[in-house]
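Enquirer: Below are the sequence and a predicted model for it; my questions follow.
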Amino acid sequence: MLIAFYILFPVLVIYLCYRFPAVNRIGAVVICYIVGITLGNIGALPDGAEQAQTAVSETAVALALPLLLFSMDVKRWKQLTGAALLSMVLGTIDNRHHRLETS
């Protein structure tokens with residue numbers, strides 16, 4: 001039941017943002033944070049809520065990372081960030097070399 005709330009409450013808030021301009025001005029993220037902080041601080045969450053929160057957050061991250069990568073255009077990314085990528089690689093190598101010298 002708690003996991004359903006964690007999933008469906010943000011859906012409800014997003015729907016309310018589309019339906020009511022006043023709610024949209026506040027923003028879905030801000031409303032979800034306010035409700036989450038309030039529920040956590042008034043003791044409304046049942047015992048064992050931490051396990052459900054962990055399960056939902058781990059699943060969300062596991063789903064979000066591939067979805068972000070699927071939408072990435074790697075060929076275009078390489079064209080746009082060639083110099084930045086080169087400097088990052090060189091900086092990483094230089095930093096690693098510096099750490100090996102100081103050890």
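Expert: In hand now; what should we look at?
Enquirer: Please give me every residue in contact with G27.
Expert: Contact analysis of G27 by Cβ atoms under 8 Å, 6 or more residues apart in numbering lists C17. All C-beta spots, glycine's among them, are computed from the backbone N, C-alpha and C.
Enquirer: Assign a three-state SS to the residue nearest in space to the middle of the chain, would you?
Expert: By Cα atoms, centre = their mean, the mean C-alpha position of the chain lies nearest to V61, the distance being 7.0 Å. Judged by DSSP: H, G, I helix; E, B strand; the rest coil, the three-state class of V61 is helix.
Enquirer: mind checking how far it is from I7?
Expert: 14 Å (Cβ to Cβ, to the nearest Å).
Enquirer: what do you get for V23?
Expert: Distance, V23 to I7, using Cβ to Cβ: 19 Å.
Enquirer: cool, I42 as well?
Expert: The gap separating I42 from I7 is 22 Å, by Cβ to Cβ.
Enquirer: Pick out whichever of those two has more residues nearby.
Expert: I7 (12 against 8; other Cβ atoms under 10 Å).
Enquirer: Nearest residue to that one in space, please, no chain neighbours.
Expert: Take I7 and drop its neighbours on the chain: the residue closest to it by Cβ to Cβ, 6 or more residues apart in numbering is V56, 7.2 Å away.
Enquirer: Tell me if I'm right that I3 and T54 touch.
Expert: No. The criterion here is Cβ atoms under 8 Å, and I3 misses it with T54 at 11.0 Å.
Enquirer: higher neighbour count, those two?
Expert: The neighbour comparison of I3 against T54 (other Cβ under 10 Å) goes to I3, with 13 against 10.
Enquirer: May I ask which helix or strand encompasses the more buried one?
Expert: helix 2-19 (DSSP states H and E).
Enquirer: What helices and strands are in contact with that helix?
Expert: The contact analysis (3 or more Cβ pairs under 8 Å, 6 or more residues apart in numbering; DSSP states H and E) places helix 2-19 against helix 21-26, helix 28-42, helix 49-70.
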